[in-house]
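Q: sequence and computational prediction follow.
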Amino acid sequence: MKKILCLFGCLFMIIWAQAQNQISFSDYFVAPELFGVKSGICDDPVANADSLQKAVDYAISTGRKLVSRGDKYYYIGKSIHINGALDTDLGRATIIATDTIDMIVIDYKTQIKWFGHLSGFVLNMNNIAKSGIHCKNSVKMHISNGDIKNISSKGVGLQIGKGYEMIVDNIHFDAASDYATGIKITTSDCQFSDCIMINCKTAIDNYGSNTYDRIHAWIGNKGDWLRGSVFYLSRGGESFLSQCCSDTFEKAFLITTPVNLFITQQKNFHNTKMWKMTPETIRAEVFSFTDERTVKSSKIYLSNSSIGGLVLDGKNRQVFSNYGGLGIIDSGSKVVR
């Protein structure tokens, strides 16, 4: 009997010890629904945003990861603010704007080593929001594995103001209206890679020294969207582009102020069906400078690239540069002139 009691006692102690060490979901993760966030069309998207804000704030304050799943649709009527280190894996849940807002605003007031990782999101700007993600001030943050779609006219998918060492990769940008911008950045030391950009009138609006790898952008909607379209708008700094693709833009590179650009393995080509819908007065330009001073003060290095032409009715409607190639050092590229 003593042996049996001892055996049961040991078994109880083992079960009790396991219970004490049991890991629960709430110890490491937080879901929006735990704070009253509703999925699907709701009567009060502002209140829904307030509830989502509470979930974000709780995840930041406790160090938990904010998670969701792909069949969730959260409508918000005001901005969601991230003011501290936050990790997310939303499982491709969709956040939908219902007003002219910056959907996600990142603004850190204190200097910390790592500001977190936003991942697994779908931001539907709903052809109305001002921006999908607006980084007013952030350092050492990783944004990846997401969609920013239905970018509005004059809206910006991802806008980065102050900060540095932002890492952005595997993001899909899709515009719903003319004059949309994919990425706009006014700071330096950031890295962008493996992004797809569709119908963004300006794919990249860059001011600062940054790095871009494997960015594939194209205009594929209507011929009249080509007028004024720019793959890479350069406003200053020293930037590096590698294995990028400019597909059917009026201007592949528009340089407005003196810059240093290092471009390698660039691909430039056109959808001739779209160009046939445009007047002959519109011509494609690989490198377009705003004035001669900008040309003479810039250094642009092009290497190992394939710059295709735009031959329509026996005529090439593309020029390599509006200033005859001045300021461009070409090394080992295939260029159709």
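A: Nice, thanks for sending it over.
Q: point out where the chain drops to low pLDDT.
A: 1-23, 25, 109-113, 223, 325, 337 (pLDDT under 70).
Q: can you show me the helices along it?
A: 2-20, 45-62, 272-275, 292-297 (DSSP state H).
Q: mind listing what's buried in the third one?
A: This means helix 272-275. 274-275 (16 or more other Cβ atoms under 10 Å). Where C-beta positions appear, they are placed from N, C-alpha and C, glycine not excepted.
Q: which strands and helices sit next to that helix?
A: strand 311-312 (3 or more Cβ pairs under 8 Å, 6 or more residues apart in numbering; DSSP states H and E).
Q: adjacent strands (with direction) for the strand it packs on?
A: With DSSP bridges as the test, strand 311-312 is paired with strand 315-316 (antiparallel).
Q: roughly how far is the partner strand from the heart of the chain?
A: Its chain's C-alpha centre and that of strand 315-316 lie 35 Å apart, by Cα atoms, centre = their mean, to the nearest Å.
Q: ok, now which ones touch K130?
A: 100-102, 152, 155-156 (Cβ atoms under 8 Å, 6 or more residues apart in numbering).
Q: again, only using 6 Å
A: Counting by Cβ atoms under 6 Å, 6 or more residues apart in numbering, K130 makes contact with 100, 102, 155.
Q: ok, of the residues you listed, which come out buried?
A: Among these, those buried by neighbour count (16+ other Cβ under 10 Å) are 102, 155.
Q: how about the contacts of K130 in a markdown table, adding distance to K296?
A: Output for the contacts of K130, formatted as a markdown table (distance: Cβ to Cβ, whole Å):
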| residue | distance to K296 |
| --- | --- |
| T100 | 42 |
| D102 | 39 |
| G155 | 35 |
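Q: quick one: which of the contacts of K130 is nearest to T187?
A: D102 (16.8 Å; Cβ to Cβ).
Q: how near is the closest residue to the closest one other than its chain neighbours to G157?
A: Leaving aside its chain neighbours, D102 sits nearest to H134 (4.1 Å; criterion: Cβ to Cβ, 6 or more residues apart in numbering). From H134 across to G157, the span is 10 Å (Cβ to Cβ, to the nearest Å).
Q: among the two, which residue is more densely surrounded?
A: Neighbour tally, H134 and G157, criterion other Cβ atoms under 10 Å: the higher count belongs to G157, 30 against 21.
Q: Q318 touches L310, doesn't it?
A: Yes. Between Q318 and L310 there is a contact under Cβ atoms under 6 Å: 3.9 Å.
Q: so what sits against both of these two?
A: A284.
Q: so which of the two has more stuff around it?
A: More neighbours surround Q318 than the other of Q318 and L310, with 23 against 19 (other Cβ under 10 Å).
Q: I am finished for the moment; much appreciated.
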